[in-house]
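Visitor: predicted model and sequence below, questions to follow.
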Amino acid sequence: MKNHVVGPGGPMASAGSDDRVTTAGSEGPSTTADSGLTGGALLYRKLLLAFLGLLLVATSGVSFHRHRTMEEPVVLSSGVTEVKKLSHYFPGIRGTINDCNVYVLEGEEPGATVFVMGGTHPEEPAARVAAWLLAENAVMEAGRLFVVLSANRSATTVTRLGGAYPPDYSIPTDWGQRTFRMGDRWSSPLDQWPDPEVYIHYPSRQYLAYVDIRNLNRTWPGRPKGTLTERTTHAFMELIRQEGVDLFIDLHEAELQYPVISTIVTHERGQDLAAFTSMMLSDMEFKMGMEYSPPTLHGLSHREVGDHSDAVSLLFEAPEPFLDATRGRTTREVLLSGQDEFVVKAGEAGLLFEKMDEAGWPFDVRVGRHTSSILMTFEMWTELNPDRPLRMRGVPRYDEVIARGTGHWLHDPSGASPGRVAVE
Amino acid sequence: MILIQSVITFLYYLMVAGIAALMMWNLVRSKKWEEEVLYVIVLVPFLLRLFHLK
């Protein structure tokens, strides 16, 4: 790069490539090439710029650090009989960020064992909060319930790069508000890196997108010596096998441009259960579809949990416009309102697989769909398996969540009994 | 695989530290304010990654 230098005879073309040459042969205080600053002034300018840069690092760093370490309280329902760590089932996850809490709700009467998972994809917040409502309100009358709120805890500590998502969101409650971390679809690169050129799924050896090596719903059934995400799914498989889980439910949200939406995806062993649940929900509460888990698509919970354990595996999808590629601003308000004029436009152009109008898909609607779907699944399970019933009380249905708001079922941690508050 | 991943991650952080040091050195040596601003801006994500913040 050619530059100009200041010499005794004034500006002249430099013969060399160094743009930092100054005052060659001059006397007195040295001056810069382009501004004529003295050495002292130049130093002050550099210090000022360095300070501004460090200020930027500090302010953004504090924000990122706060997001990564923010504590989310869980006021335990009276039905929660024990809180375990995931490493209880697989020590290989101990000490990692993904050693999440497992909430155990022993039933008053014997019955089936069910495992409800929230936080597989923490960028799908209503799915995570729906599981929260179970941990804070559910009481099992028959059967045993395991609940996880942060299945991929690493992914709760980061948002999608370039997505401009807010780091958190707050839900109004009867006593104030409860703040939750917004997360990502993938484990944080701070916890698992680098990604391969192509992700080869274990054990099928199917080729998947490289980034999905950090996607908890592409790494089932996992392996004990794999990546952090693979070890996490392996730990969940150990939980399912060791606790003899009969029914596994994975909660999700989907963008409206994704064809698998407002539906139950089921392993072939859960087809009757999913069909009954879908029909009853569509008849009594809201439209709910049913789809079969593709036998040759690997890594997903509805396929691998069913294939690698005795559990019936289901996956629920609710609509979430906040995730659509054609969305507008990604603000906290839009996250909760589910209203987005750009996604409405996409709907008018016929690009969506779910209806979208000005009313949008508010947070309470999405949470209510999940809680009602879980309750209806338990009812249908009990119809199909009367010798192993699942009965739960305390959890609101769709209409109740919409009428009173999700926050009504989130309890004040400051008013909770000592020892009855866990932290996510 | 995990061993290779750990080695690559270690080398990656070494590179991040090296490039950050190079940016700082260039910031010290530069005489043009435009370049100094550029070096400071480019340095920010390297420091955030180095300090395990983002």
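Guide: Yes, it's here. This structure is a prediction, so every number in the text was calculated from the model and none was measured.

Visitor: contact partners for the residue in chain B that chain A sits nearest to?
Guide: Residue of chain B nearest chain A, by CB to the nearest CB: B:V40 (3.7 Å). (Glycine included, C-beta is placed from N, CA and C.) Counting by CB atoms under 8 Å, 6 or more residues apart in numbering or on different chains, B:V40 touches A:49-50, A:52-53, B:27.

Visitor: neighbours of the closest residue in space to A:V148 that isn't next to it in sequence, how many?
Guide: Spatial nearest neighbour of A:V148, chain neighbours left out: A:M117 (5.0 Å); criterion: CB to CB, 6 or more residues apart in numbering or on different chains. Per other CB atoms under 10 Å in any protein chain shown, the neighbour tally for A:M117 reads 28.

Visitor: next one: phi and psi at A:M117?
Guide: Main-chain torsions, A:M117, degrees, to the nearest 10: phi -110, psi 120.

Visitor: counting residues per helix, which one in chain B is longest?
Guide: helix B:2-29 (DSSP state H).

Visitor: point out where chain A drops to low pLDDT.
Guide: In the predicted model, chain A carries pLDDT under 70 at residues A:1-37.

Visitor: show me what residue of it gets nearest to chain B.
Guide: Counting by CB to the nearest CB, chain A gets nearest chain B through A:G53, at 3.7 Å.

Visitor: verify the stated contact: that residue with B:I41.
Guide: Yes: judged on CB atoms under 8 Å, A:G53 makes contact with B:I41 at a distance of 7.4 Å.

Visitor: residue closest to the middle of the chain?
Guide: Here I'm looking at chain A. A:P122 (0.6 Å; CA atoms, centre = their mean).

Visitor: not quite, I wanted chain B
Guide: B:A20 (2.9 Å).

Visitor: so what's residue 44 up against?
Guide: Answering for chain A, as no chain was given. By CB under 8 Å, 6+ apart, the contact set of A:Y44 is empty.

Visitor: actually chain B
Guide: A:53, A:56-57, A:60.

Visitor: my guess is it is in a helix, correct?
Guide: Yes: B:V44 sits within a helix when classified using DSSP: H, G, I helix; E, B strand; the rest coil.

Visitor: what about stretch A:164-172, near chain B?
Guide: No: shown here: stretch A:164-172 not in contact with chain B (CB under 8 Å from any CB of the partner chain), separated by at least 11.1 Å.

Visitor: measure that stretch end to end?
Guide: 23 Å (CA to CA, to the nearest Å).

Visitor: contact partners of it?
Guide: A:63-64, A:66-67, A:70, A:123, A:125, A:129, A:159, A:177-182, A:329-332, A:335-336, A:363, A:405-407, A:410.

Visitor: list, one by one, the residues from chain B near chain A.
Guide: So chain B meets chain A at B:1-2, B:5, B:8-9, B:12, B:27-33, B:35-37, B:40-41, B:43-44, B:47-48, B:51-54 (CB under 8 Å from any CB).

Visitor: how about the residue of chain B closest to chain A, phi and psi?
Guide: phi -60, psi -40.

Visitor: likewise A:V102?
Guide: Per degrees, to the nearest 10, the backbone of A:V102 is at phi -120, psi 120.

Visitor: can you check the one 3 residues further on too?
Guide: Reported as degrees, to the nearest 10, the phi and psi values for A:L105 are phi -120, psi 100.

Visitor: list the contacts of it.
Guide: So A:L105 contacts A:77, A:79-81, A:134, A:138-140, A:144-147 (CB under 8 Å, 6+ apart).

Visitor: kindly recompute the last result at 10 Å.
Guide: For A:L105, the contact set (CB atoms under 10 Å, 6 or more residues apart in numbering or on different chains) comprises A:76-82, A:114, A:116, A:134-135, A:138-140, A:143-147, A:392.

Visitor: and for A:L323?
Guide: A:L323 touches A:121, A:123-124, A:160, A:163, A:165, A:185, A:253-258, A:330, A:343, counting by CB under 10 Å, 6+ apart.

Visitor: in the longest helix along chain A, what's buried?
Guide: Secondary structure of chain A per DSSP H: the longest helix is helix A:39-69. By neighbour count on 16 or more other CB atoms under 10 Å in any protein chain shown, the buried set for helix A:39-69 is A:42, A:45-46, A:49-50, A:53, A:56-57, A:60-61, A:64, A:67-68.

Visitor: who does the helix or strand that that helix is followed by touch, helix- and strand-wise?
Guide: Following helix A:39-69 in sequence order, the next helix or strand is strand A:73-75 (DSSP states H and E). Of the remaining helices and strands, those touching strand A:73-75 by 3 or more CB pairs under 10 Å, 6 or more residues apart in numbering or on different chains; DSSP states H and E are helix A:125-137, strand A:177-181, strand A:421-423.

Visitor: so what touches strand A:73-75?
Guide: In contact with strand A:73-75 (CB under 10 Å, 6+ apart) are residues A:80, A:83, A:101, A:103, A:132, A:135-137, A:147, A:149-150, A:178-179, A:410-417, A:420-424.

Visitor: in which helix or strand does A:T233 reside?
Guide: Going by DSSP H and E, A:T233 is in helix A:228-242.

Visitor: and that helix, how far out from the chain's middle?
Guide: 18 Å (CA atoms, centre = their mean, to the nearest Å).

Visitor: stretch A:266-274 too?
Guide: Relative to its chain's centre, stretch A:266-274 lies at 25 Å (CA atoms, centre = their mean).

Visitor: just the buried positions in it, please.
Guide: Per 16+ other CB under 10 Å, stretch A:266-274 contains these buried residues: A:266-267, A:270, A:273-274.

Visitor: restricted to strands, list those.
Guide: Per DSSP state E, strands hold the following members of the buried residues of stretch A:266-274: A:T266.

Visitor: with distance to chain B as new columns, can the buried residues of stretch A:266-274 be given to me in a markdown table?
Guide: A markdown table is the format used below for those (distance: CB to the nearest CB, whole Å):
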| residue | distance to chain B |
| --- | --- |
| A:T266 | 32 |
| A:H267 | 28 |
| A:G270 | 33 |
| A:L273 | 37 |
| A:A274 | 36 |
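
Visitor: the residue of chain A closest to chain B is in contact with B:P45, isn't it?
Guide: No: judged on CB atoms under 10 Å, A:G53 makes no contact with B:P45 at a distance of 11.1 Å.
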